[in-house]
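J.: the following block contains a protein sequence and its predicted model.
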Amino acid sequence: MERSLAGFSEAGHLEAMSFAAISAFVALFVAMALKSSMTSHPRGNERMNSLGDSVQKGSKSFMAKQQKFLLPLLLAIYITLVVLYSIESPSTDYTDGLRIGGCFVAGAILSAIATYAGVSVAADANVRVAQALNDGNEGTGTGTGKALYVAITAGSVVSFTVSGLCLGGIAILYYIMTVGRPDDSIAEQSIFALEALVGFGLGASSVAVFTRFAGGIFAKGSELSATMLSNENENPAWIAEKVGENISGIAGTGADYFESLAASIIAAAILAGGDIVLISLSFWVAAAGIISSMVGFFFIRAAANGSSKNDLLYALYKGKMITSTLLIVISIAIVMVFFESAGEGYTAVSCVIIGQFYGLLIGHATEYFTSHNFAVESLNKAGALSASMYMIKAFGIGALSVLIPAVIIVATALACLYLAGLYGVAIAAVSVISTLSTNLACDAFASISKNAVSIVAEAGEGDNAESVGVLDGTASAVAATGRGFAMGSSVITSISLLLAFEATVGIAVLNINSPTVIGGLLVGATLPYVFAALVFLSCQKAAEAILVDAQKQLDSDSITTDGCVNAANVVSHQEMILPCLYVSMSPLIVGILVGPQALAAMLVGSIASGFLLGSTLSNTGSALTHASKYTKLGSTSVGSTVGCVMNGAVGTALATLIKLMAIVSLTVSPLMGAWTEWGQWYFGFIPFGVCVVGTVVVAISFWMNVEEPTPTAATEEA
């Protein structure tokens, strides 16, 4: 017998998505209002505007290039989904193919719109934050508090746009996908609708992996080359470096959070098993996160002038705490309305509370291992001895930093499993990512502030060394914490997707004695290392391509802002093809060639390995870059340059990697229910052949006859 929401006369799909849809529209309205507030602040002088406009132009050129690469791939995936789900319809409804294909297109389009809007807003905000620093210096003290307000306002425009489009899209599509099945029960309608809605998550993931991989390669290749050219009178790669920060920090992070929110809601709703109460809770908790973040935004304030780094960090921390506290309060109210049984409601809300503590603790653990008091001081002591001691110390800190987050992940999973079973883990994941409007705003604040600081320094306006140092140090600390939170949310979201995959294909227990399971584990554990290697090498190739273009400009005494941006744009999109191809094809190769058990084992191995490797690299890199803000020892220059690739390109890419592999697996899971081990092995050579052909095409098209940069005095010194 189907049950209903205790607070409603009937249990229906409209009730399930209503609060989510309303909250999403409110979020978009708030984003527009905040954008109007942000644009009311002055843009600065002519030099600052020129720099900002160049960053804006370069960012838009990247997004345009990405669309050219994305469209053919998205079309191919759309056709494949429509054909497969029309032939092997899970519900025997001939519209299944069109349903999942439509959801896929919607997820990709909404994610692309959100990232494009975010990049545009952030590029405009760079000069306004820079001017806020100068305005403060004309008064009685540094303008860091005013800069915080402008930057967090712009960051909130980005975050509410992402959360509003994602939650609104997924809520409305859920309701649409339940229409046209009058003969099915509400539970059956929900199950079939969610199978189609997985396509929305796949579409979002497709955009996220492109943006994360290409954006990271662009950003860190540009930063490497700009650092090597820093001794030149005019640095041709300077604009490309700022464009990269905008792309990686805003578009990449926004697409990643968009993907996480969609995936966590879908996984939780699937694990609800058709129970309309639990499905509704997944949507409503996510909506509560948006409402809570709106309130939290107004608490992120600091004194306009004279605010220190600790003042700014406290303001951001206060906003996060208010958001989490209010989310818990609203969630308690929701379960009181939803559940007739108080005991069941409290176990569900307990998982929501655990999810909030999970996110906060992961962030604090990351902050400790990358902070000034621990990492910076100990690294600088080692750096005073030698560069080798400095790097060894950094790697030691990074490796050690995974211990506490690992314990937190295990404790969270076990507690939620005990309280509410598989659904408990999934609703905790929704809780973690539901506050993305606050967390993404803080991440966007960091990227916007970094570019603003650079614009102030490049424009050479005002006596602003103190304010620049405060804002730069704050941005570095916030960025490190944000990467830790992003990795933590990716892990628990991937675990939820794994559990949803196993539930869909009917896997109750993984047989660790099976050779295919052991093989799947090893393959899964190896893949993050392969992807990390590809991203490392791609960043190096991107830096070389930018250096070639920069040297041509310097030799001809004709410096343009477009040359290095175009070089980075081309090579970053070329280099991300193989990582994206391998990460999307790997689940299909293992799942089709061997079977669902091996694929589940591969996901387990990739999640564990990806988390450990990604956290180690990200925290090592963050500690190195953060340390460079406080000392100018010779060892810190190289450490900061290497660290930026570790945390800004490789670590963040691995967080996206583990989710994409899981969502691809979940997408094909309805087709795998009747598959046996090795029963369809011959079809597994199709995705394998795609990988081989893709590798050959990329090697011939892009790797042959590549022009290499010539070492110069400037690059050798750097």
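T.: Yep, that arrived.
J.: neighbours of residue 602, just the number please.
T.: By other Cβ atoms under 10 Å, 29 other residues sit near residue 602. The way it works is simple: take the backbone N, C-alpha and C, and place the C-beta from them, glycine included.
J.: ok, now the one 10 residues further on?
T.: As a burial measure, the neighbour count of residue 612 was computed by other Cβ under 10 Å and equals 17.
J.: that one contacts residue 400, correct?
T.: No: contact criterion Cβ atoms under 8 Å: residue 612 and residue 400 do not qualify, at 11.9 Å.
J.: and for residue 666, nearest residue in space, chain neighbours not counted?
T.: Nearest non-adjacent residue to residue 666, counting by Cβ to Cβ, 6 or more residues apart in numbering: residue 501, 4.8 Å away.
J.: thought the one you found was touching residue 600?
T.: Yes: Residue 501 is within contact range of residue 600, at 6.6 Å (criterion: Cβ under 8 Å).
J.: can you map out the helices along the stretch 251-400 of the chain?
T.: 253-271, 276-297, 309-338, 342-370, 377-383, 387-400 (DSSP state H, counting those that start in this stretch).
J.: nearest the geometric middle of this protein, what residue?
T.: residue 256 (2.6 Å; Cα atoms, centre = their mean).
J.: separation between that residue and residue 548?
T.: Taking Cβ to Cβ, to the nearest Å as the measure, residue 256 and residue 548 are separated by 31 Å.
J.: residue 224 now?
T.: Distance of residue 224 to residue 548, computed by Cβ to Cβ: 13 Å.
J.: of these two, who's got more company?
T.: The neighbour comparison of residue 224 against residue 548 (other Cβ under 10 Å) goes to residue 224, with 25 against 18.
J.: now do the contacts for the more buried one.
T.: Shown in contact with residue 224 (Cβ atoms under 8 Å, 6 or more residues apart in numbering): 539, 540, 542, 543, 641, 644, 645.
J.: state the helix or strand in which residue 501 lies.
T.: According to DSSP states H and E, residue 501 maps onto helix 465-505.
J.: go ahead and confirm the residue nearest to the centre of the chain touches residue 653.
T.: No: counting by Cβ under 8 Å, residue 256 does not reach residue 653; the two are 9.7 Å apart.
J.: who touches both of these two?
T.: With contacts taken as Cβ under 8 Å, 6+ apart, the residues that reach both residue 256 and residue 653 are residue 212.
J.: now do the buried residues in stretch 160-177.
T.: 160-171, 173-177 (16 or more other Cβ atoms under 10 Å).
J.: so which of those residues are in helices?
T.: Among the buried residues of stretch 160-177, the ones falling in helices (DSSP state H) are 160-171, 173-177.
J.: contacting residues for residue 399?
T.: 616, 620 are the contacts of residue 399 under Cβ under 8 Å, 6+ apart.
J.: one more: the one 10 residues further on?
T.: Taking Cβ under 8 Å, 6+ apart as the criterion, residue 409 is in contact with 358, 488, 491, 492, 611.
J.: name the element it belongs to?
T.: With DSSP H and E as the criterion, residue 409 is inside helix 403-434.
J.: one step back: which one, of the helices of the stretch 251-400 of the chain, ends up nearest to residue 196?
T.: helix 253-271 (10.4 Å; Cβ to Cβ).
J.: helices and strands around that closest one, which ones?
T.: Secondary-structure packing of helix 253-271 (3 or more Cβ pairs under 8 Å, 6 or more residues apart in numbering; DSSP states H and E): helix 96-137, helix 144-178, helix 186-228, helix 276-297, helix 403-434, helix 436-459, helix 465-505, helix 652-672.
J.: now it, how far from the centre of its chain.
T.: 11 Å (Cα atoms, centre = their mean, to the nearest Å).
J.: wait, residue 132 sits on residue 152?
T.: No: using Cβ under 8 Å, residue 132 is not in contact with residue 152, being 11.4 Å away.
J.: which neighbours do those two share?
T.: Contacts common to residue 132 and residue 152, judged by Cβ under 8 Å, 6+ apart, are absent.
J.: now for this protein, the helix or strand with the poorest mean pLDDT.
T.: When each helix and strand of the chain is scored by mean pLDDT, DSSP states H and E, helix 713-717 comes last, with a mean of 50.
J.: which residues touch residue 529?
T.: Residue 529 neighbours (Cβ under 8 Å, 6+ apart): 609, 613.
J.: quick check, pLDDT for it.
T.: Confidence at residue 529, expressed as pLDDT, is 94.
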